[in-house]
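1. Give me a model of this one.
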Amino acid sequence: MVFKKMLSALGVGGPSVDTVLTNPNTRPGLVLDGQVNLRGGDTAADIEQITLALVTRVEMEAGDSEYAGTMEFYRLPVSGAMRLDAKQELSIPFQLPVPWETPITDVYGQRLRGMTMGLRTELAIARAVDKGDLDPVAVHPLPVHERILEAFAQLGFQFKSADLERGHIHGVQQTLPFYQEIEFYAAPQYAHAIREVELTFVTNQQGVDVIIECDKRGGLFTAGHDTVGRYTVSHAGVDQVDWRQQVEAWLGQTVSSYASRPGFGHGGRPGKQGHQGHHGHHGGMGGMVAGAALGIGGGMIAGELLEDAFEGDFGDE
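-> Sure thing, here's the model as predicted:
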């Protein structure tokens, strides 16, 4: 998407900026490339800096209340101080690295309900910063993410929603100030034991920490509580794992973990404890899981068009 933003501080006739992404689709660990196009206004202007920033919508907590706010999680200066003459046209190419922990927004061409992300351009001139508009960005899963999500769909779990929680997960090396929770309704064969499952990926260059939290049902004399399991997988050898069998094993271990310790789980919000769990073990090796797209069958359908989502989630700040 190309956006045009006149600098309101300078009024009509000031410089304008267009940011153009070569491709708005990306994956964690890759890059977004494009160019920032400047056009001088009626008079020369001294630009102090041009910066690009990845921003997203994050659930936060303030006191006893919760709210969703826009959070910046990566910045890239693309230009330092420069003078833009009247009517001058200038194009600045850029390559913006996408952090490995960047949350997934799209699966099999469908936007995850609850997820929004954009690339913001900031133009600093005369000690004023104009934040411009946003280019929508779509972050697609890496192969290991896809296989795990496919396995949940094959087992009958139905996608509920996804969001980002501000905070850190206990015991997991994490660089971003938030983590993603992908929520599923329990599959029929698990419904007697659990209500819902929350899936979190914390990704790095070598592999992924997979955190599974089960909302476990209570018994006749026991209250329901959360159980959490943490499992580590590598990017290598993804196609040699039977992921359905692997996820079944993880779920079995997670449901049985800490069964006698109600409340042993996570808060996930500022000032509260993060996820706690244990290292799991890799399951048996086998053939690649047959394709099971998390489309209509898996419930991975966006509730609105991407443009509408940005209007609602990234309004006036």
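2. Can you get me a residue count around the closest residue to residue 101 other than its chain neighbours?
-> With Cβ to Cβ, 6 or more residues apart in numbering as the criterion, residue 101 has its nearest non-adjacent residue at 4.6 Å, and that residue is residue 176. Every residue, glycine included, has its C-beta placed from N, CA and C. Residue 176: 20 surrounding residues under other Cβ atoms under 10 Å.
3. that's a helix at residue 176, yeah?
-> No. Residue 176: not assigned to a helix; according to DSSP: H, G, I helix; E, B strand; the rest coil it is coil.
4. List the buried residues in stretch 86-98.
-> Residues 90, 94, 96, 98 are the ones in stretch 86-98 that count as buried (16 or more other Cβ atoms under 10 Å).
5. picking up where we left off before, quick check: the residue nearest to residue 101 vs residue 201, distance?
-> Counting by Cβ to Cβ, to the nearest Å, the gap from residue 176 to residue 201 is 12 Å.
6. Ok, residue 49 next?
-> Using Cβ to Cβ, residue 49 is found at 33 Å from residue 201.
7. of the two, who's got more company?
-> residue 201 (22 against 15).
8. element containing the nearest residue to the more buried one once chain neighbours are set aside?
-> Of all residues not flanking residue 201 in the chain, residue 208 sits nearest, at 5.3 Å (Cβ to Cβ, 6+ apart). Using DSSP states H and E, residue 208 falls within strand 207-216.
9. Quick one: list the elements packing against that strand.
-> Counting by 3 or more Cβ pairs under 8 Å, 6 or more residues apart in numbering; DSSP states H and E, the packing neighbours recorded for strand 207-216 are helix 143-154, strand 194-203, strand 225-234, helix 243-256.
10. Out of the ones you listed, name the one with the poorest average pLDDT.
-> Of all these, strand 225-234 carries the lowest average pLDDT, namely a mean of 89.
11. follow-up on the earlier one: for the strand holding residue 208, what does the pLDDT average out to?
-> pLDDT averaged over strand 207-216 gives 92.
12. returning to what we had before: the helices and strands packed on strand 207-216: which one's closest to residue 55?
-> Ranking these by proximity to residue 55 (Cβ to Cβ) places strand 194-203 first, at 19.3 Å.
13. what does that closest one rub up against?
-> Residues outside strand 194-203 that contact it (Cβ atoms under 8 Å, 6 or more residues apart in numbering) are 28-29, 100-101, 104, 142, 145, 148-149, 152, 157, 160, 169, 172-174, 179-186, 208-217, 224, 251, 255, 275.
14. same check, this time on stretch 36-45
-> If you take Cβ under 8 Å, 6+ apart as the criterion, stretch 36-45 is touched by 10, 13-20, 47, 50, 52, 78-79, 83-92, 94, 121, 125-126.
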